[in-house]
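Undergrad: sequence and predicted structure below; questions after.
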Amino acid sequence: RTELKKRPRTVMAHQGRVNGLSFSPTQAYSLATYSEESTVKIWDTRLLKLPISSINVGATPVCVRWSPFQQGLLSVAVSGDSEMQIYELSSESEAKFRNPGSLTGANTDSLEDSRIAFRAPRGAMRTRAGEAIESMSWHPTRPHHLLVATQKEVETHTLVHQLPIAFNTTNELGMGIHGELSISRSLPSEQAPDDPSPPPDADISAVMRYRSTRGYGLDLTNNYWISVELSHPDLIKMWSWILEIQRPAGGHDGA
């Protein structure tokens with residue numbers, strides 16, 4: 001049996017009753033709460049006087065979950081909607097949120113220095129059949145995967161980050177991943193290692209790595225055969241079409 005040694009602290013969190021709460025698994029003292037209002041509030045439990053952030057989600061929240069892999073990443077589902085709203089900390093708030101000691105000496109009479117902000121939700125992610133979300137959970141072992149439950153089924157959705165990517169004229173591949181910049185040189189196809197091609201459901205990073213080591217870039221014919229190796233019908237059609245329009249017209253003498 002567990003007994004409370006101290007009298008619990010209380011705060012008027014919402015106008016209506018608190019329908020749910022979620023502690024962050026990656027950040028001590030961070031707590032999200034929601035009620036019948038259209039607002040999700042973020043709290044620091046050491047400074048339980050005012051919320052450190054309020055997010056207007058547009059309707060009554062039915063489920064709020066923190067990502068177990070990325071600090072400050074929050075998923076929200078609202079009543080009667082098929083959309084998964086994904087929020088993440090603004091760049092100004094990341095350092096403050098990641099340093100749990102940054103608020104220790106904060107003045108509880110003025111919490112402006114402890115407030116954090118979240119970016120607007122990412123592009124819409126919706127259930128496949130347009131069914132309203134009943135509940136959802138981050139996958140416990142696969143980063144950026146959401147398990148979403150509707151009245152009909154449980155779906156798996158992958159949160160895809162925008163990855164800027166570009167090749168230069170020497171076939172070097174530049175890729176931005178979060179705050180990092182990666183530059184790698186693609187090998188000619190005849191020097192490609194003998195590693196097997198990734199399966200069709202492989203993570204996009206594995207596919208991009210495979211394409212890079214096979215010299216995927218400015219050589220259109222090589223791009224076609226790499227797409228064949230990957231059994232990617234859409235890319236096969238695209239490169240076939242590009243090769244066809246690039247081929248010089250011949251055999252038409254106008255007779």
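TA: Cool, the structure landed.
Undergrad: on the three-state scheme, D234 is what?
TA: helix (DSSP: H, G, I helix; E, B strand; the rest coil).
Undergrad: that should have said K237, apologies.
TA: Once three-state DSSP is applied, K237 turns out helix.
Undergrad: and for it, the neighbour number?
TA: 11 (other Cβ atoms under 10 Å). Heads up, the C-betas are built off the backbone N, CA and C, glycines and all.
Undergrad: can you check S231 too?
TA: 11.
Undergrad: could I get the full set of strands for the stretch 51-200 of the chain?
TA: Under the criterion DSSP state E, counting those that start in this stretch, strands of the stretch 51-200 of the chain are mapped to 53-56, 61-66, 73-78, 83-88, 125-126, 135-138, 145-149, 154-158, 165-167, 172-177, 180-185.
Undergrad: Serialize those strands to CSV and add fields for distance to Y216, mean neighbour count and mean pLDDT.
TA: Shown next, in CSV, are those (distance: least, Cβ to Cβ, whole Å; neighbours: other Cβ atoms under 10 Å; pLDDT from 0 to 100):
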stretch, distance to Y216, mean neighbour count, mean pLDDT
strand 53-56, 40, 17, 87
strand 61-66, 37, 22, 92
strand 73-78, 31, 24, 90
strand 83-88, 30, 21, 86
strand 125-126, 28, 16, 83
strand 135-138, 32, 18, 91
strand 145-149, 26, 19, 90
strand 154-158, 22, 14, 87
strand 165-167, 9, 12, 74
strand 172-177, 8, 15, 71
strand 180-185, 12, 10, 70
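Undergrad: I'd like to know which of these lies nearest to S227.
TA: Closest approach to S227 among those (Cβ to Cβ): strand 165-167, 15.8 Å.
Undergrad: nice, that's everything, thank you.
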